[in-house]
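Engineer: Here's a sequence, model it:
(one chain, ligands or ions: 2)
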Amino acid sequence: MTNRNQSNLNLENTYTTLPEIFYQKLNPNPVPAPKLVIYNKTLGDSLGLDSSYMTSEEGIQILAGNKMPWDTVPVAQAYAGHQFGHFTMLGDGRALLIGEQITPENERYDVQLKGAGETPYSRGGDGRAALGPMLREYIISEAMYHLSIPTTRGLAVITTGEEIERETELEGAILTRIADSHIRVGTFQFAAKYGELNDLIALADYTIDRHYPYVRSHSNPYLALLEEVIKRQAALIAQWQLVGFIHGVMNTDNMAISGETIDYGPCAFMDTYHQETVFSSIDVNGRYAYRNQPSIAAWNLARFAEAILPLLGSSKEAAVQTAQTAISQFGEQYERNWYAGMRAKLGIFNEEEGDASLIEKLLSMMQYYHADYTNTFLSLTFNHNENMPMAAAPDFQNWQAEWKERLKRQDESQAAVKELMQNSNPALIPRNQWVEKALEAAVQQQDYTVMEKLLHVLKNPYAHSAEQAAYAKQEFDTGQSFQTYCGT
Ligand code: AMP
Ligand code: MG
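Structural biologist: Numbers count the residues shown, from 1 in each chain. Ligands and ions are numbered 1, 2, ... in the order given. All right, here's what the predicted structure looks like:
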């Protein structure tokens, strides 16, 4: 057992105050030879952890699940979810919540070990994770964080010294994941399906206390909870769309009630702009394609509303009506966020009715000319038409003239326009090829320098530094036939 004073881990276990159906207490399965491959010092410091301890032999034993801080109660969380539209009982099949870290600023974060071994929810799986997918989650969630998009983050990745069986033998790994919480739409679905009314109420109250305490003063706090979750998801999905992020597996168990991006599996950033882009090899019908993300989010939120229906009204009819009214606000809120973001990407400060068509025209040209999503907006920001495949096309030139006219119909200076565009269009996104190269070097050659360099240039995506430009130029190559595979 480890003394908390050394690690500065300051864990609480409020999740275990919920009714027992919501979790199973259990310790991680020990691993034979844990080795630290990456530690997120900035994140660790902000959590109040002692990095020299956490990266020491003893700290690594904690990150591997071989040793637990002395007074914590690890749990596997129960949840259900709609996977590709089909309802299933799930739960943490390979993850354990080891506790909630209370930071020096008195904030509370879940500390979870992903890949920590079998649990009662493993459904025949081995409870383990492979190094490549865990590093992938680490890289992409860091990129999302630095793009200012709400997300879980990786504190560390360790290898376990164990081979795990997939299509081939792979090196086992554990990701320490930090989240506002791991409460999912699927957690509520679980409560609604397998619990009593009191269980559902307990979960809703816990969620409110933890994430939305201000809704307590509302005449119906549970309706206010629904409305807040809708609001956060509308903002989140708009941010995804604006940077071209495709989650890949937006099942209801992968949607966090806190509004964070969670569960990076077959996700990827889009290079060439196309509305129908899908990366996931298992998403054969394109259910989770780029263009569908907003409507899928609304569908998932309707499942959330359905789960808490008994809390929304005195009669079922009244509750359904209330839920529908709330859900119907998602589309409008999403669009408001998305248009605000798109205007900013184009340097537009005020609003005009014609903006929607200006934006639409640009996007359909980008699709027609197979333009790179990120680089098109960068070229517009820095006036580098020569980088655009569509630069010489008359329809693009007409559009550009229309856009320039539009920019004149606002009071802001050219410098202000440029500044807004620089702050709204990232210099870099974690392109698939870059991520794959980094993973290949790490997994095949134990060479982490490629990954470290990538993480470094992704750190301040709105800086537009010479180093970032050089990196992008050197590494640029669009990958149109890229596929990602479920991170198992
Ligand atoms: P995901 O696709 O990662 O969102 O996972 C869906 C469900 O499968 C969750 O309940 C996971 O805990 C479970 N799962 C994924 N991989 C494994 C594994 N290797 N062993 C046991 N359960 C797993
Ligand atoms: Mg999941």
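
Engineer: and residue 244, how far is that from residue 309?
Structural biologist: Using CB to CB, to the nearest Å, residue 244 is found at 35 Å from residue 309. C-beta here means a position set from N, CA and C on the backbone, and glycine is covered the same way.

Engineer: pLDDT averaged over the longest strand belonging to the chain, what's the number?
Structural biologist: The longest strand of the chain (DSSP state E) is strand 153-165. On average, the pLDDT along strand 153-165 is 98.

Engineer: partners of the helix or strand following it, with directions?
Structural biologist: Sequence-wise, the next helix or strand downstream of strand 153-165 (DSSP states H and E) is strand 169-179. The strands beside strand 169-179 in its sheet (DSSP bridges) come out as strand 108-114 (antiparallel), strand 129-130 (antiparallel), strand 153-165 (antiparallel).

Engineer: Among those strands, show me which one is buried the most.
Structural biologist: strand 129-130 (a mean of 24; mean count of other CB atoms under 10 Å).

Engineer: Go ahead and measure how far that strand is from the middle of the chain.
Structural biologist: Distance of strand 129-130 from the chain centroid (CA atoms, centre = their mean, to the nearest Å) equals 19 Å.

Engineer: Over to stretch 23-43?
Structural biologist: 21 Å.

Engineer: Show me what counts as buried in that stretch.
Structural biologist: 23-24, 26, 28-29, 31, 34, 36-40, 43 (16 or more other CB atoms under 10 Å).

Engineer: again, but for stretch 411-430
Structural biologist: 417, 420-422, 424-430.

Engineer: want to throw those into TSV with secondary structure and pLDDT?
Structural biologist: Listed next are the buried residues of stretch 411-430 as TSV, based on DSSP: H, G, I helix; E, B strand; the rest coil; pLDDT from 0 to 100:
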residue	secondary structure	pLDDT
417	helix	98
420	helix	98
421	helix	98
422	helix	98
424	helix	98
425	coil	98
426	coil	98
427	coil	97
428	coil	96
429	coil	97
430	coil	97
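
Engineer: Including distance to ligand 2, could the residues you listed go into a markdown table?
Structural biologist: A markdown table is the format used below for the buried residues of stretch 411-430 (distance: CB to the ion, whole Å):
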| residue | distance to ligand 2 |
| --- | --- |
| 417 | 41 |
| 420 | 36 |
| 421 | 35 |
| 422 | 35 |
| 424 | 30 |
| 425 | 31 |
| 426 | 26 |
| 427 | 31 |
| 428 | 27 |
| 429 | 23 |
| 430 | 20 |
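
Engineer: quick one: which of the residues you listed is nearest to residue 457?
Structural biologist: Checking these against residue 457 by CB to CB gives residue 428 as the nearest, at 5.8 Å.

Engineer: Phi, psi for that closest one please.
Structural biologist: phi -140, psi 150 (degrees, to the nearest 10).

Engineer: Contact partners for it?
Structural biologist: Counting by CB atoms under 8 Å, 6 or more residues apart in numbering, residue 428 touches 374, 457-458, 461, 468, 471-472.

Engineer: again, but for residue 426
Structural biologist: 147, 243, 374, 461-462.

Engineer: Same question for residue 468.
Structural biologist: Per CB under 8 Å, 6+ apart, neighbours of residue 468: 427-428, 457, 461.

Engineer: if we go to 7 Å?
Structural biologist: 427-428, 457 (CB atoms under 7 Å, 6 or more residues apart in numbering).

Engineer: mind checking pLDDT for it?
Structural biologist: 97.

Engineer: What's the separation between it and residue 415?
Structural biologist: Taken as CB to CB, the span from residue 468 to residue 415 is 21 Å.

Engineer: Can you confirm whether the longest strand of the chain lies near ligand 1?
Structural biologist: No - remark: strand 153-165 sits outside contact range of ligand 1, by CB under 6 Å from any ligand atom, the gap being at least 7.9 Å.

Engineer: Only the C-alpha atoms, please, for that strand, written as PDB.
Structural biologist: Provided in PDB are the C-alpha atoms of strand 153-165 (Å, rounded to 0.1, in the frame of the first residue of the first chain):
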ATOM      1  CA  ARG A 153      -6.700  13.500 -21.100                       C
ATOM      2  CA  GLY A 154      -3.900  11.000 -20.700                       C
ATOM      3  CA  LEU A 155      -1.800  11.300 -17.600                       C
ATOM      4  CA  ALA A 156       0.500   8.400 -18.500                       C
ATOM      5  CA  VAL A 157       0.900   5.400 -20.600                       C
ATOM      6  CA  ILE A 158       2.800   2.300 -19.300                       C
ATOM      7  CA  THR A 159       3.600  -0.900 -21.100                       C
ATOM      8  CA  THR A 160       2.700  -4.000 -19.100                       C
ATOM      9  CA  GLY A 161       5.400  -6.400 -20.100                       C
ATOM     10  CA  GLU A 162       2.700  -8.700 -21.300                       C
ATOM     11  CA  GLU A 163       1.700  -9.600 -24.900                       C
ATOM     12  CA  ILE A 164      -2.000  -9.400 -25.700                       C
ATOM     13  CA  GLU A 165      -3.700 -11.400 -28.400                       C
END
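
Engineer: quick one: stretch 81-94 near ligand 2?
Structural biologist: No - against ligand 2, stretch 81-94 shows no contacts by CB under 5 Å from the ion, the least distance being 7.4 Å.

Engineer: got the buried residues for that stretch?
Structural biologist: So stretch 81-94, judged by 16+ other CB under 10 Å, has buried residues 81-82, 90-94.

Engineer: What strand or helix carries the residue in the stretch 151-300 of the chain positioned nearest to ligand 2?
Structural biologist: Closest to ligand 2 within the stretch 151-300 of the chain is residue 263: 3.8 Å, counting by CB to the ion. In the assignment (DSSP H and E), residue 263 maps to no helix and no strand.

Engineer: Return the residues in contact with it.
Structural biologist: residue 254.

Engineer: Residues in a beta bridge with the nearest residue in space to residue 169 that is not next to it in sequence, which ones?
Structural biologist: Once flanking residues are discounted, residue 169 sits nearest to residue 163: 4.4 Å by CB to CB, 6 or more residues apart in numbering. Per DSSP bridges, the residues bridged to residue 163 are residue 171.

Engineer: How about the contacts made by residue 163?
Structural biologist: 169-172 are the contacts of residue 163 under CB under 7 Å, 6+ apart.

Engineer: what about it, distance to residue 367?
Structural biologist: For residue 163 relative to residue 367 (CB to CB), the value is 44 Å.

Engineer: Next: residue 410.
Structural biologist: Distance of residue 410 to residue 367, given as CB to CB: 27 Å.

Engineer: next one: residue 272
Structural biologist: For residue 272 relative to residue 367 (CB to CB), the value is 9 Å.

Engineer: Compare these two (neighbour count), which wins?
Structural biologist: Neighbours per residue, other CB atoms under 10 Å: of residue 272 and residue 367, the larger number sits with residue 272, 18 against 15.

Engineer: For stretch 293-303, give me every contacting residue.
Structural biologist: So stretch 293-303 is contacted by 82, 185, 189, 229-230, 233, 237, 240-241, 247, 250, 252, 255, 288, 327, 330-331, 334 (CB under 7 Å, 6+ apart).

Engineer: Restricted to strands, list those.
Structural biologist: Filtering those for strands - DSSP E - leaves residue 82.

Engineer: Any quick ChimeraX command for the buried ones out of the contacts of stretch 293-303?
Structural biologist: Per 16+ other CB under 10 Å, the buried members of the contacts of stretch 293-303 correspond to this ChimeraX selection:
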select :82,185,189,229,230,233,237,240,241,247,250,252,255,288,327,330,334
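
Engineer: what separates the residue lying farthest from the centre of the chain from residue 369, distance-wise?
Structural biologist: Distance from the centre of the chain peaks at residue 394, with 38.8 Å (CA atoms, centre = their mean). According to CB to CB, residue 394 stands 12 Å off from residue 369.
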